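Visitor: Got a predicted structure here, sequence first:
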6 protein chains.
Amino acid sequence: MEITTYFEEYEIGDTRETFGRTITETDFVVHAGHTGDFFPHHMDREFMAKSEFGQRIAHGTMVFAIGVGLSATVINPAAFSYGYDRLRFVRPVFIGDTIHTKLTIARKQDDPKRPGSGRVFEKVEVINQNDDVVLACEHIYIVERREENA
Amino acid sequence: MEITTYFEEYEIGDTRETFGRTITETDFVVHAGHTGDFFPHHMDREFMAKSEFGQRIAHGTMVFAIGVGLSATVINPAAFSYGYDRLRFVRPVFIGDTIHTKLTIARKQDDPKRPGSGRVFEKVEVINQNDDVVLACEHIYIVERREENA
Amino acid sequence: MEITTYFEEYEIGDTRETFGRTITETDFVVHAGHTGDFFPHHMDREFMAKSEFGQRIAHGTMVFAIGVGLSATVINPAAFSYGYDRLRFVRPVFIGDTIHTKLTIARKQDDPKRPGSGRVFEKVEVINQNDDVVLACEHIYIVERREENA
Amino acid sequence: MEITTYFEEYEIGDTRETFGRTITETDFVVHAGHTGDFFPHHMDREFMAKSEFGQRIAHGTMVFAIGVGLSATVINPAAFSYGYDRLRFVRPVFIGDTIHTKLTIARKQDDPKRPGSGRVFEKVEVINQNDDVVLACEHIYIVERREENA
Amino acid sequence: MEITTYFEEYEIGDTRETFGRTITETDFVVHAGHTGDFFPHHMDREFMAKSEFGQRIAHGTMVFAIGVGLSATVINPAAFSYGYDRLRFVRPVFIGDTIHTKLTIARKQDDPKRPGSGRVFEKVEVINQNDDVVLACEHIYIVERREENA
Amino acid sequence: MEITTYFEEYEIGDTRETFGRTITETDFVVHAGHTGDFFPHHMDREFMAKSEFGQRIAHGTMVFAIGVGLSATVINPAAFSYGYDRLRFVRPVFIGDTIHTKLTIARKQDDPKRPGSGRVFEKVEVINQNDDVVLACEHIYIVERREENA
């Protein structure tokens, strides 16, 4: 679905939550194969049985990519992704955990280089089946102002 | 390979470069299927032919995950990944581009919560075949001090 | 997204169109590997160069599965999928074609076994970049009546 | 293997059964990624634990594509696939179920548009490890007559 | 399909050829991801443009696995695979090449440890679209004698 | 990493061991889809429950491809792979087994056709979590002599 939302229309505190998705052993194997990271932390059950975690843990890049991917449902043609700040791996994700993503409009500011646009900072929290945040970051969008498109 | 490197042994300015990898149409399709993000920017050749880019562009999360994955060759058992700062999508990546990653030890600081460890900030630059940086970020590691392990 | 729509609320003639998706050589290879159908019609460029098509053609089951998948954006908790009628492979799909799906509420009828529900028949047309229908079928849903949920 | 079989040679009641195949969690994840349908019915263990099924259920399009794929062992150069009728999802398929496909020549008729060919209707039944039919449909082939090739 | 063939029934010189299959860039990416071998010989177009081959070359293990896989059409319940001898990578396989496999019963001998069985040596040749052998090896089966099953 | 090692520098008896990797059901499904070998030995849980193994067993070509892939960490630009001898499937590999690979320089000899190079024979042993060898073979490299590069 495509919905145009201008800078002025983002409301601080607005929140949305995605569907959930169970992270499977398949996802671990696919992510290793996709990125080339076959570190035993993600791939070796015996090695991890002796670790503090007791089992394999998900790649941080996978939790990030899937957590963000869950939110890809509506295209805003007036916005593009500038980057992410303060990406933190708060808790491990294990095979069989079910995650969803909660997104909250955190703050807005002028864009120093683009007077016709502003910056929207969206707080991204990936949350597991125990309601624990496993990954957090801030997504920065550059969004056109409505007045510029009037 | 596993090589133990303590906090004291990281030298500011040390740099390493990974092998290269051509980003294929397959990677686009695999990443969409892995994350669930099938936005037409990545998947619809006709739609993108009319865009400013003229062609499909890679998911930012894919350039990040593969760019970081290329560096996963040596395990340091004295370190773990804390997170990433200032992740920026500097230029688009197209089907057929060849990327590699350059990693530079940028700075070090005490860890406020862990006296036995310090923080190492590694600058990560994903670079294409034209020597242009396409993605940049800063990777933060928590690394044990050698003195603590003496 | 989840939106409850009862039997009474489906309007004959209502239509929606999905995003587009370019069918890649990767999709051919993935579908063969997923289903086990490695017939040369889909997998052997040399064999098909001598055929009437001049090139590999997509599996019918893939055009169906992806065409239907493109429409999976909104969940209606009051409905479930009963089956499909008159599934026809109207034109071949080639590597590089871009398809999208058009869905039209075609007709409604009482459900002979479920008085609290009715049947909604949705016409499904998968359409390529030349606006040609490549696959058509009719999707049958069993949908609860609003009166039953009042 | 390639075996030419003309319209006259199909015998009503002839039957064949395929090898079996266990439907794995991997197949669920691959099918979601291949089609873009990440609905929680197939992907969210927690969500489905509370449903009438108690667990994730397979995509209908996957049971169809794999069920048909299991039968792709012999090419008949005198036939091509016209479509499917009365595709019904009779029972859910769960992770770990083992399915195979039973194919029965059900009926034959003249092709209204192609005097040199006829239509063969093959009943397709996908059956699980408890001998329950989980999916049924009728596959329609257009098959050349032998007399036309004499 | 399952066909029982006893040791006595293998005829020296008997030959069969498989369907063909075009080796795609997707296969390169899938094999790297499946095995973890991301060497630039297979993955880096720029690196290989400067090599004697001028382009990426297939993993030897992939040509072997797919070449052997093409022959997996008939199960002989009286035989099992013992191993392979003299596996040689005769010529490179490039993206877009189409391969098929030719299998020839080369020789038979008594099995030194299993009097009720014998060894069948099948010559395996993977051949490209120019009729050049790209990979050769000898597959060794242990096959039960008919007399033992009389 | 790239490290040049000449023929003279290979020492008989030198050994290295790779990281471990758990072989998952996903790997079984990926390998079947990659090679087209869907034999019930690898794919049908019900069929194998009645076999001597009691469960699905890995494709021999997969244990070989992954076992070799685990060793792909250092490129020697002075060497290329000539082939493999005496590839034997010593024990079955089951879903959930964890394998690693041990490589030992076994012997060296002149290359009959290339006076500037020699042949290095590396013993390859794929070993499971019980320290049992599951697959063994000998890898033959053609390696340049240092004197030729002086």
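Guide: Looks like it came in fine.
Visitor: So for A:Asp110, what's the nearest residue that isn't a sequence neighbour?
Guide: Excluding its sequence neighbours, the residue lying closest to A:Asp110 (C-beta to C-beta, 6 or more residues apart in numbering or on different chains) is A:Gly118, at 5.7 Å. Yep, even glycine has a C-beta here, placed from its N, CA and C like the rest.
Visitor: Next: A:Arg16.
Guide: In space, and not counting its chain neighbours, A:Arg16 is closest to A:Leu103: 5.4 Å by C-beta to C-beta, 6+ apart.
Visitor: ok, back up a step: elements contacting the helix or strand where the residue nearest to A:Asp110 lies?
Guide: Assessed by DSSP states H and E, A:Gly118 sits inside strand A:117-127. On a contact count with 3 or more C-beta pairs under 8 Å, 6 or more residues apart in numbering or on different chains; DSSP states H and E, strand A:117-127 meets helix A:60-69, strand A:79-89, strand A:98-110, strand A:133-144.
Visitor: can you tell me if the first one touches chain F.
Guide: Think helix A:60-69. No: contact of helix A:60-69 with chain F is not found when judged by C-beta under 8 Å from any C-beta of the partner chain; the minimum separation is 13.9 Å.
Visitor: from the chain's centre, how far out does that helix sit?
Guide: A distance of 6 Å separates the centroid of the chain from that of helix A:60-69, by C-alpha atoms, centre = their mean, to the nearest Å.
Visitor: quick check: angle from that helix to strand A:98-110?
Guide: With axes from the mean of the first three to the mean of the last three C-alpha atoms, to 10 degrees as the criterion, the two stretches helix A:60-69 and strand A:98-110 enclose an angle of 70 degrees.
Visitor: Between strand A:117-127 and helix A:60-69, find me the angle.
Guide: Our comparison of helix A:60-69 with strand A:117-127, counting by the same axes, to 10 degrees, yields an angle of 110 degrees.
Visitor: Going by contacts, tell me the helices and strands next to helix A:60-69.
Guide: For helix A:60-69, the packing partners by 3+ C-beta pairs under 8 Å, 6+ apart come out as helix A:25-35, strand A:79-89, strand A:98-110, strand A:117-127, strand A:133-144, helix B:25-35, helix B:60-69.
Visitor: still on that earlier bit, would you quantify the distance from the residue nearest to A:Asp110 to chain E?
Guide: Summarising the geometry, the distance separating A:Gly118 from chain E, computed by C-beta to the nearest C-beta, to the nearest Å, is 39 Å.
Visitor: What of A:Pro112?
Guide: Here the distance between A:Pro112 and chain E works out to 36 Å (C-beta to the nearest C-beta).
Visitor: Same check on A:Ala72?
Guide: A:Ala72 sits 22 Å away from chain E when distances are taken as C-beta to the nearest C-beta.
Visitor: Nearest residue to that residue in space, please, no chain neighbours.
Guide: In space, and not counting its chain neighbours, A:Ala72 is closest to B:Asp37: 3.8 Å by C-beta to C-beta, 6+ apart.
Visitor: same check, this time on A:Thr18
Guide: Taking C-beta to C-beta, 6+ apart, and ignoring the residues beside it in sequence, A:Thr18 has A:Leu70 as its nearest neighbour in space, at 4.0 Å.
Visitor: Same question for A:Cys137.
Guide: Closest residue to A:Cys137 apart from its sequence neighbours, by C-beta to C-beta, 6+ apart: A:Leu87 at 3.9 Å.
Visitor: For the one you found, list each beta-bridge partner.
Guide: Following DSSP bridges, A:Leu87 is listed with bridge partners B:Tyr84.
Visitor: returning to that earlier point: neighbours around the residue nearest to A:Arg16, how many?
Guide: For A:Leu103, the neighbour count with other C-beta atoms under 10 Å in any protein chain shown is 19.
Visitor: residues near the closest residue to chain E within chain A, how many?
Guide: In chain A, the residue that lies nearest chain E is A:Gly33 (2.7 Å; C-beta to the nearest C-beta). One way to gauge burial is a neighbour count; for A:Gly33, by other C-beta under 10 Å, it gives 25.
Visitor: surely it meets E:Phe38?
Guide: No: the pair A:Gly33 and E:Phe38 does not pass the contact test of C-beta atoms under 8 Å, sitting 9.7 Å apart.
Visitor: Can you check which residues contact both of the two?
Guide: Taking C-beta atoms under 8 Å, 6 or more residues apart in numbering or on different chains as the contact rule, the neighbours common to A:Gly33 and E:Phe38 are E:Ala32.
Visitor: measure A:Asn88 to B:Arg114 for me?
Guide: For the record, residue A:88 is Arg, not Asn. For A:Arg88, the distance to B:Arg114 equals 15 Å [C-beta to C-beta, to the nearest Å].
Visitor: Could you do A:Ile75 as well?
Guide: Counting by C-beta to C-beta, the gap from A:Ile75 to B:Arg114 is 42 Å.
Visitor: Show me what from chain A comes close to chain E.
Guide: Counting by C-beta under 8 Å from any C-beta, the positions of chain A adjacent to chain E are A:Val30, A:Ala32, A:Gly33, A:His34, A:Gly36, A:Phe38.
Visitor: Out of these, which is nearest to chain C?
Guide: The nearest member of the residues of chain A next to chain E to chain C, counting by C-beta to the nearest C-beta, is A:Val30 at 11.8 Å.
Visitor: Hmm, B:Val30 and the closest one touching each other?
Guide: Yes: applying C-beta under 8 Å, one finds A:Val30 in contact with B:Val30, separated by 7.5 Å.
Visitor: Mind listing the shared neighbours of the two?
Guide: Common neighbours of A:Val30 and B:Val30, counting by C-beta under 8 Å, 6+ apart, are D:Gly33, E:Gly33.
Visitor: Show me what A:Lys102 bridges to in the sheet.
Guide: Note on A:Lys102: beta-bridge partners by DSSP bridges are A:Glu17, A:Glu125.
Visitor: That one: neighbouring residues, count only.
Guide: By other C-beta under 10 Å, the residues close to A:Lys102 number 17.
Visitor: Please tell me the pLDDT value assigned to the residue nearest to A:Thr18.
Guide: Per-residue confidence for A:Leu70 comes out at a pLDDT of 97.
Visitor: again with A:Phe80
Guide: In the predicted model, A:Phe80 carries a pLDDT score of 93.
Visitor: again with A:Ala150
Guide: The pLDDT attached to A:Ala150 in the predicted structure is 67.
Visitor: which residues of chain A score low on pLDDT?
Guide: Low-confidence segments of chain A, defined by pLDDT under 70: A:150.
Visitor: and it, which residues reach chain D?
Guide: Taking C-beta under 8 Å from any C-beta as the criterion, the neighbours of chain D within chain A are A:Phe19, A:Gly20, A:Arg21, A:Thr22, A:Thr24, A:Glu25, A:Thr26, A:Asp27, A:Val30, A:Gly96, A:Thr98, A:Gln129.
Visitor: Excluding chain neighbours, give the residue nearest to the residue positioned nearest the centre of chain A in space.
Guide: A centroid search over chain A (C-alpha atoms, centre = their mean) returns A:Val68, at 3.1 Å, as the residue closest to the centre. Nearest non-adjacent residue to A:Val68, counting by C-beta to C-beta, 6+ apart: B:Thr61, 5.5 Å away.
Visitor: interface residues of chain A facing chain F?
Guide: On the criterion C-beta under 8 Å from any C-beta, chain F has as its neighbours in chain A the residues A:25-26, A:28-30, A:33, A:38-40, A:43-47, A:56.
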